[in-house]
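# no sequence on this one, just coordinates:
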């Protein structure tokens, strides 16, 4: 046992000498290295710095791309109403036709019939040609009027003629007369006539197609009346 003690002490001395290392002298040629950081802290730090630097250097317009904002000035809704440039102004003839159709409403009764006080009134409103066709429909439609003593065209026949005239020559004004015609046909259906309202109106249309335009006839009559008035009011030379 005593023989082993020197051997153990020699081994301890040798191991302690091997564990001890002399410090390496610092030289200017050897660069100093910073202590390593963990990968997570390094990337987090660089990410924060670069993101802050990006927003610090970016102009305000780049920042606004990531934020929705309302316009500085909101014009009123009325400014967004755009007129339809394709809509053309109505001609004098179209306006005259609309006035004529609108004026017929005065002569339509609550039951849907059209009633004029005299034949002359019919001629003045719708022209002589229309009056002749309306008067001829009484025989053509075999209409038996109980009031044979009256001189005017029967209300039922006149109503059929006016409906046929509106549908045949005033298609452009349909928005004005569509309700008038619907009410008039209800009245015709309730009258004692040989045929339905549609059949009677169709028969009347055949005669309407043989005459000229009511508007042209009224225009010519108005011009002729104006010429007569000019002759009557002309100063004496």
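Here it is on my side, so go on. Predicted model, so just to flag it, every value in this text is computed and none were measured.
# Please read off the pLDDT at residue 116 from the model.
Predicted confidence (pLDDT) for residue 116: 94.
# my bad, residue 191
88.
# Chain neighbours aside, what residue packs nearest to it?
residue 156 (4.4 Å; CB to CB, 6 or more residues apart in numbering). Bear in mind the C-beta positions are built from the backbone N, C-alpha and C, glycine included.
# Neighbours of the one you found, how many?
22 (other CB atoms under 10 Å).
# okay, it: pLDDT?
In this model, residue 156 carries a pLDDT of 92.
# same thing with the one 5 residues further on?
Residue 161 is assigned a predicted lDDT (pLDDT) of 96.
# That one contacts residue 132, doesn't it?
No. Contact criterion CB atoms under 8 Å: residue 161 and residue 132 do not qualify, at 10.4 Å.
# sorry, back to before: report the separation between the residue nearest to residue 191 and residue 113.
Distance, residue 156 to residue 113, using CB to CB, to the nearest Å: 7 Å.
# picking that back up, more crowded one of residue 161 and residue 132?
Comparing residue 161 with residue 132 by other CB under 10 Å, the one with more neighbours is residue 161, at 28 against 13.
# how about the more buried one, what does it touch?
130, 133-134, 137, 153, 204, 208 (CB atoms under 8 Å, 6 or more residues apart in numbering).
# same question, residue 196
residue 189.
# Would you list the phi and psi of it?
phi -80, psi 170 (degrees, to the nearest 10).
# One more: the one 5 residues further on?
In terms of degrees, to the nearest 10, the main-chain angles of residue 201 are phi -70, psi -40.
# so how far is residue 132 from it?
The gap separating residue 201 from residue 132 is 18 Å, by CB to CB.
# Run through this protein and note the low-pLDDT ranges.
The model of the chain has pLDDT under 70 over residues 1-88, 142-152, 226-237.
# all helices of it, in order?
Assigned by DSSP state H, the helices in the chain fall at 5-19, 39-57, 60-64, 92-104, 119-126, 128-140, 155-169, 174-189, 197-208, 214-233.
# surely residue 205 meets residue 164?
Yes. If you go by CB under 8 Å, residue 205 and residue 164 touch, sitting 4.7 Å apart.
# For these two, indicate the residue with more neighbours.
residue 164 (25 against 17).
# wait, what's in contact with the more buried one?
By CB under 8 Å, 6+ apart, residue 164 lies in contact with 201-202, 204-205, 207-208.
# Excluding chain neighbours, what is closest to it?
That would be residue 204: by CB to CB, 6+ apart, it lies 3.6 Å from residue 164.
# returning to that earlier point: among the contacts of residue 164, name the buried ones.
Neighbour-count burial (16 or more other CB atoms under 10 Å) applied to the contacts of residue 164 gives 201, 204-205, 207-208.
# Out of those residues, which two are the most distant from each other?
201 and 207 (11.2 Å; CB to CB).
# if I look at residue 162, how far off is residue 224?
Using CB to CB, residue 162 is found at 24 Å from residue 224.
# And for residue 170?
Distance from residue 170 to residue 224, by CB to CB: 23 Å.
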